[in-house]
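Q: coords below, sequence missing:
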């Protein structure tokens, strides 16, 4: 199966400093790929570069086999959804209205919801288990509920590619598992999902591939059991860890600095 999103030789300079350096990345439909690395390693900038949200100093991104810059804004919005880190809802819109925002790239100039839009909104709310919250103001929800609503908004786009930047940050362990299971399920349905993570166990459990980023460079890319290694953890995080599995489910526990 061909790649749906590809980045070749990506370099991004911010404030005169190279934040991403000659990075290569590619993902196929059906994959969920975790971007891992220390704070400041360049993960978010790489994710934004892949979505065409930050200018490149060098390299090229291709989405659906086309240069991403050659795809007009509305079509790009239909092909790719972006879930930013720490997204906040400032207005007390109800949940259904927030999820409906995901259909904006599909709507005409009158911004009317057509039957296909309504079906996509309802499907996204069912998928993320927020349909029973449809009439509640999003500002009154818990952190876990808001995370699922914002994910539903991204899924309502019906994108071929979903970019999620630390979607489990600040959530309790149960809600972290819920969100990762939803992302994995979305990928299993044929979408390509790229997710920035800090939790090594979540990456080992849910990701089909892991990409380690250090000092703006991709230093490892492959299946979790091949890539989450002693050397990679030492280079990226300066740690050693304990590896194991319980009933076939892998876990990685950081132990100490090296």
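A: Looks like it arrived, so ask away. None of these values were measured; they are calculated from a predicted model.

Q: How many residues are close by residue 125?
A: Look at residue 125: counted by other C-beta atoms under 10 Å, it has 24 neighbours. C-beta: built from backbone N, CA, C; applies to glycine.

Q: unless I'm mixing things up, it is touching residue 95, no?
A: Yes: between residue 125 and residue 95 a contact is recorded at 7.4 Å, counting by C-beta atoms under 8 Å.

Q: Find the residues that touch each one of these two.
A: Contact criterion C-beta atoms under 8 Å, 6 or more residues apart in numbering; residues shared by residue 125 and residue 95: 134, 152.

Q: Which positions within the host helix or strand of residue 8 qualify as buried?
A: If you go by DSSP states H and E, residue 8 is part of strand 5-14. Judged by neighbour count using 16 or more other C-beta atoms under 10 Å, the buried positions of strand 5-14 are 5, 6, 7, 10, 11, 12, 13.

Q: what about the third one, distance to residue 204?
A: In this structure, residue 7 and residue 204 are separated by 24 Å, where distance is defined by C-beta to C-beta, to the nearest Å.

Q: With the second one instead?
A: Residue 6 sits 25 Å away from residue 204 when distances are taken as C-beta to C-beta.

Q: Could you list the buried residues of stretch 179-198?
A: Residues of stretch 179-198 classed as buried by neighbour count (16+ other C-beta under 10 Å): 179-180, 182-184, 186-187, 191-198.

Q: for residue 52, phi and psi?
A: phi 80, psi 20 (degrees, to the nearest 10).

Q: Also residue 245?
A: Phi and psi for residue 245, reported as degrees, to the nearest 10, are phi -150, psi 150.

Q: ok, now which ones touch it?
A: Residues counted as contacts of residue 245 (C-beta under 8 Å, 6+ apart) are residue 251.

Q: And it, what's its pLDDT?
A: Residue 245 is assigned 95 on the pLDDT scale.

Q: helix, strand or coil for residue 125?
A: Three-state call for residue 125 (DSSP: H, G, I helix; E, B strand; the rest coil): helix.

Q: Relative to residue 88, how far out is it?
A: Distance, residue 125 to residue 88, using C-beta to C-beta: 20 Å.

Q: before we move on, what about residue 119?
A: 28 Å.

Q: These two - which one has more neighbours?
A: The residue with more neighbours, out of residue 119 and residue 88, is residue 119; 12 against 9, by other C-beta under 10 Å.
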